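Q: quick one, structure for this:
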Amino acid sequence: MAENDKGFSFRSLFFRDAQPASEVKQVQETPVYTNTNQGSFITNTNPPSPAGIPEQSLVEDFVQRLQNLINQNNQPGFDFLEFTESLFEERQSPGPEVYKTVFRIAQKMDKSLTPARLLQSSMYYKDLVQRTADGEVAKGESKKQGLEAEKNNERTTLDSNLKEISSKIDQLTRQIQDLQSQQVTLNNQLMAIDQKYASQFIEIERKINAIRSAKEQVIVSIVDIEAGIKSNLS
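A: Numbering: from 1, shown residues only. Now for the predicted structure:
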C-alpha cells in the first residue's frame with residue numbers, strides 16, 4: 001500500500017452498526033507520538049449539546065478524535081493500521097480466512113511482515129490511545145476537582161452571608177419585640193392616665209371649693225361688721 005494512502009477511520013471497527021460517518025480528512029503522517037498532536041479533547045470540544053441529546057453522540061465524537069490521533073501518528077510501513085483497513089475493505093466482520101488472505105497479500109508487499117510485528121504495532125496504537133485517554137480523563141478529573149472547590153467556596157460564602165443576614169434578622173426581631181413591648185406599656189399607661197391623676201384633681205378641686213367657701217364666709221363676716229359700723233357709728 002502506498003505511503004500516501006495511510007490513515008483511515010476505525011469507525012467501521014468501533015461502530016459497525018452505526019450510520020457511516022463523514023470522511024475523515026487525511027493528515028500528513030507524523031511518525032513519532034508527541035503531546036502536540038493529541039491537543040486537548042476536553043478543552044477543544046464543541047460547546048455542550050442541548051439537553052436531551054443522547055450521550056452516545058459524545059462517545060462517537062471522542063472516538064472520532066481518537067481516530068484522528070491514530071491517523072496522525074501512523075507508523076511508517078505496513079502495520080496494524082493498514083492491516084485493519086485491508087480487513088474491513090474485504091468484509092464487515094472478517095473471519096479467519098480473510099485474516100489469512102489479507103496477511104498473505106500484505107507479505108507480498110512487505111516480506112518482513114510478521115504477526116508479531118502486527119501485534120507490536122497494535123500495542124503502539126493501544127498505548128497511544130491509553131495514554132491520551134488517561135491524560136484527558138486526568139484533565140477532566142482535575143477540572144471536576146477545581147469546579148468542586150469553586151462550588152464549595154461559593155457555598156461557604158453564601159452560607160456565611162446567609163448566617164450574617166439571619167443574625168441581623170434575629171437582632172432586628174428582638175428590637176421589634178422590645179419596641180412592641182414598649183408600645184404596649186405606653187399604650188396601657190396612656191389608657192390609665194386619667195385614673196392616675198383623678199384623685200389629685202379631686203383633692204385640688206376640694207381645696208379650691210374650701211377656699212371659696214372660706215372666702216365667702218370671711219367676706220360675709222366683714223360685710224356684716226361693715227354694715228354695723230355704718231349703722232351704729234355714723
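Q: show me where this structure dips below the pLDDT cut-off.
A: Under the criterion pLDDT under 70, the flagged ranges of the chain are 1-54, 90-91.
Q: dead centre of it: give me the residue that sits there.
A: For the chain, K151 is the residue whose C-alpha lies nearest the centre (C-alpha atoms, centre = their mean; 6.0 Å).
Q: break the chain down into its domains, please.
A: The record's domain split for the chain, according to automatic domain parsing, is 3-159, 198-234.
Q: please, where are all the helices along this structure?
A: Defined through DSSP state H, the helices belonging to the chain, from first to last, are 11-14, 35-38, 56-72, 80-90, 96-109, 115-191, 193-233.
Q: off-centre distance for the last one?
A: Distance, stretch centre to chain centre, for helix 193-233: 91 Å (C-alpha atoms, centre = their mean, to the nearest Å).
Q: can you say which of the domains of the chain is packed in most?
A: Across the domains of the chain, averaging neighbours per residue (mean count of other C-beta atoms under 10 Å) puts domain 3-159 on top, at a mean of 13. From N, CA and C alone the C-beta is placed, and that goes for glycine too.
Q: residues touching the closest residue to P115 other than its chain neighbours, list them.
A: Taking C-beta to C-beta, 6 or more residues apart in numbering as the measure, P115 lies nearest to F103, with 7.3 Å between them; neighbours along the chain are not counted. Contact partners of F103, counting by C-beta atoms under 8 Å, 6 or more residues apart in numbering, are F83, L113, P115, L118.
Q: could you measure from F103 over to L118?
A: Plainly put, F103 is 8 Å away from L118 if you go by C-beta to C-beta, to the nearest Å.
Q: which neighbours do these two share?
A: Common contact partners of F103 and L118 (C-beta under 8 Å, 6+ apart): F83.
Q: just the CA trace of stretch 105-114, in CSV.
A: The C-alpha coordinates for stretch 105-114 follow below in CSV (Å, rounded to 0.1, in the frame of the first residue of the first chain):
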residue,chain,number,x,y,z
ILE,A,105,-1.2,-10.2,0.3
ALA,A,106,0.5,-7.9,2.8
GLN,A,107,3.6,-10.2,2.9
LYS,A,108,3.9,-9.9,-0.8
MET,A,109,4.3,-6.1,-0.4
ASP,A,110,6.4,-6.4,2.7
LYS,A,111,8.2,-9.7,3.1
SER,A,112,9.5,-8.8,6.6
LEU,A,113,5.9,-8.5,7.9
THR,A,114,5.1,-11.0,10.7
